[in-house]
Each structure stands twice: as structure tokens, then as C-alpha cells.
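Asks: sequence first, predicted coordinates after that:
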Amino acid sequence: MRRRSHLFVPSRGAMSAKLTTRQINAIRAALGKHSFTPLEVAQLDYHVIRHAQGLGPKSIAGIRQWLLEAGQAVDHWQLDDGHAQRERRRAQRIAQAIALLERYGYTVKPRTND
């Protein structure tokens, strides 16, 4: 039987976090190879994982948990809940809407907190 090193199966009951097929495929694509170890994943830059296709904040948190349970230090990986990205997108959409309104002659006043 072929051994799957990317699954990193320790002794029974030692690990509760398992990688999903989507996480495994995204890591394979990021590393550019079929099999990998937790050490190789832990050495990846956080931005490589964050921009991997098919991975969101929950998937990245799952990979982080998998690495922690495998005994790998992931202190260089930030915890990203997606809040900053949503705020950035929201600000962009508002700026685009204001620009569109001003292009058609409307005046947009700043919001006052009364």
C-alpha cells in the first residue's frame, strides 16, 4: 500500500484536526508537489497560503490547527478573520459609488455623526 506522507498520521488519538481534500489540493498547488510534510507547510509564507485558490479564513485556521497539532511552530502565520478584507472592499465600493454620483453631477456630503 502506498504511504501518504501529506496526511501525517500519528499514533491513534494524537491528532484531532485533519486536512480536507480542498486544503490538501491547495497546499499541493502552493508547494508544487504531490506529497508534503507538516514541516514543509509550516515553512511556507503566510501570504502564499492566504492567496492559495480555494482557501478562506476557516480553511487556513484548519491548516494552522493541523500544523500546531503536528508540533510545528506557526507564529509567523497571522490569524485573519477576514474582517480587514471586508472593510477594504466596503470602502472601495463606497468610493466607487461616490465617484459615479459625482460624475453625473451629484454632490456627496460627508456623513455627520449627530
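Replies: Yep, that arrived.

Asks: how far away from the center of its chain is stretch 46-57?
Replies: Remark: stretch 46-57 is offset 4 Å from the chain centroid, using Cα atoms, centre = their mean, to the nearest Å.

Asks: cool, and stretch 20-37?
Replies: That offset, for stretch 20-37, works out to 14 Å (Cα atoms, centre = their mean).

Asks: alpha carbons only: can I get that stretch in PDB?
Replies: Taking Å, rounded to 0.1, in the frame of the first residue of the first chain, the C-alpha atoms of stretch 20-37 are listed here in PDB:
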ATOM      1  CA  THR A  20      -9.800  18.400   3.900                       C
ATOM      2  CA  THR A  21      -9.300  17.500   0.200                       C
ATOM      3  CA  ARG A  22      -9.600  21.200  -0.700                       C
ATOM      4  CA  GLN A  23      -6.900  22.100   1.800                       C
ATOM      5  CA  ILE A  24      -4.600  19.300   0.600                       C
ATOM      6  CA  ASN A  25      -5.100  20.300  -3.000                       C
ATOM      7  CA  ALA A  26      -4.400  24.000  -2.200                       C
ATOM      8  CA  ILE A  27      -1.200  23.000  -0.300                       C
ATOM      9  CA  ARG A  28      -0.100  20.800  -3.200                       C
ATOM     10  CA  ALA A  29      -0.600  23.600  -5.600                       C
ATOM     11  CA  ALA A  30       1.300  26.100  -3.400                       C
ATOM     12  CA  LEU A  31       4.200  23.700  -2.900                       C
ATOM     13  CA  GLY A  32       4.200  22.400  -6.500                       C
ATOM     14  CA  LYS A  33       4.400  18.800  -5.500                       C
ATOM     15  CA  HIS A  34       2.100  15.900  -4.700                       C
ATOM     16  CA  SER A  35       3.200  14.900  -1.200                       C
ATOM     17  CA  PHE A  36       4.300  17.100   1.600                       C
ATOM     18  CA  THR A  37       5.100  17.100   5.300                       C
END
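
Asks: quick check: buried residues in that stretch?
Replies: 23-24, 26-27, 30-31, 36 (16 or more other Cβ atoms under 10 Å). C-beta here means a position set from N, CA and C on the backbone, and glycine is covered the same way.
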